[in-house]
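Student: With the input below, show me the fold.
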Amino acid sequence: MDNISVDHLLGIKFLNQQDLELIFQTADNFKEVINRPIKKVPSLRDITIANLFFENSTRTKLSFELAEKRLSADVLNFSSTQSSLKKGESLLDTVNNILSMKVDMIVIRHSNAGVPQLLSEKVNATIINAGDGAHEHPTQALLDSYSMRQKIGNLKNKNILICMDVGSTPDKKNSENYQSGPLSFEIISNKKKLISNCGYYKQDNHKLNHLSKTTAAQSTLVIDDNSSCKFFWINKSWLVKKGLRIITNG
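Tutor: Sure thing, here's the model as predicted:
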């Protein structure tokens, strides 16, 4: 398969295992490129991409812009605080005005879930979801999955414990990667995942003991999704002794 099965990257739930494998194989090729003295290839030459970030972002925004430029795309960076949105212009009108400048692709980050999908249905351009509220963050999930693939190889039938800060309790799913990460792991490994809020377990000895028994028995992998994940850093050596293989991405 030379092309993925979707026209837009809206969420992991729209991808299949063949799509993920193609993305990872392509990433393998570009990984060699970034280690060259000249880190640039003409893959997106003559393609214009607009980055529309309606939320504050450092890593995601810079990662997209750097990748676009290394692929030779022409890049437009949009600031909502300095746009006609301040005068009452709608989001759709703003995007259409940008597209009238012959833009081919929109990368959008927005606090409201579903905005990327709405745009994919209303405008004539490829839409990339860079995070939409508590819904999905597909590119972060792809990066997590690729990192694990690089570290341990085939993830099929592996059990995965995700360690991330998603709120004060495990049922407070306010992280977009809380949704995307498990979906990508499930597609790759064909197994249901155990998801843990690190801060919650840190404060609850009963839950912590249960976690140790469960993860050790299942040879679960642990991912640190955020450097502020105190449970991970405090208990790293303890987790290793319990037989867990540790992989970090943040």
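
Student: Show me what counts as buried in stretch 75-84.
Tutor: Using 16 or more other Cβ atoms under 10 Å as the test for burial, stretch 75-84 gives 75, 78. All C-beta atoms are positioned from the backbone trio N, CA, C, and that covers glycine.

Student: Run through who's touching it.
Tutor: Residues outside stretch 75-84 that contact it (Cβ atoms under 8 Å, 6 or more residues apart in numbering): 48-54, 65, 68-69, 89, 93-94, 97-98, 101, 103.

Student: Restrict it to CA atoms and write it as CSV.
Tutor: What follows is stretch 75-84, C-alpha atoms only, in CSV (Å, rounded to 0.1, in the frame of the first residue of the first chain):
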residue,chain,number,x,y,z
VAL,A,75,4.5,27.7,5.8
LEU,A,76,2.0,30.2,7.1
ASN,A,77,1.6,30.7,10.9
PHE,A,78,-1.8,32.0,12.0
SER,A,79,-2.3,33.9,15.3
SER,A,80,-5.9,34.0,16.5
THR,A,81,-5.2,36.9,18.8
GLN,A,82,-4.2,39.1,15.8
SER,A,83,-6.9,38.0,13.4
SER,A,84,-10.4,39.1,12.3
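
Student: Grab the nearest non-local neighbour of Arg149.
Tutor: Nearest residue to Arg149 in three dimensions, chain neighbours excluded: Phe24, at 6.0 Å (Cβ to Cβ, 6 or more residues apart in numbering).

Student: Would you verify that the one you found is located in a helix?
Tutor: Yes: counting by DSSP: H, G, I helix; E, B strand; the rest coil, Phe24 falls inside a helix.

Student: Quick one: end-to-end distance for stretch 30-45.
Tutor: Terminal residues of stretch 30-45 lie 16 Å apart, using Cα to Cα, to the nearest Å.
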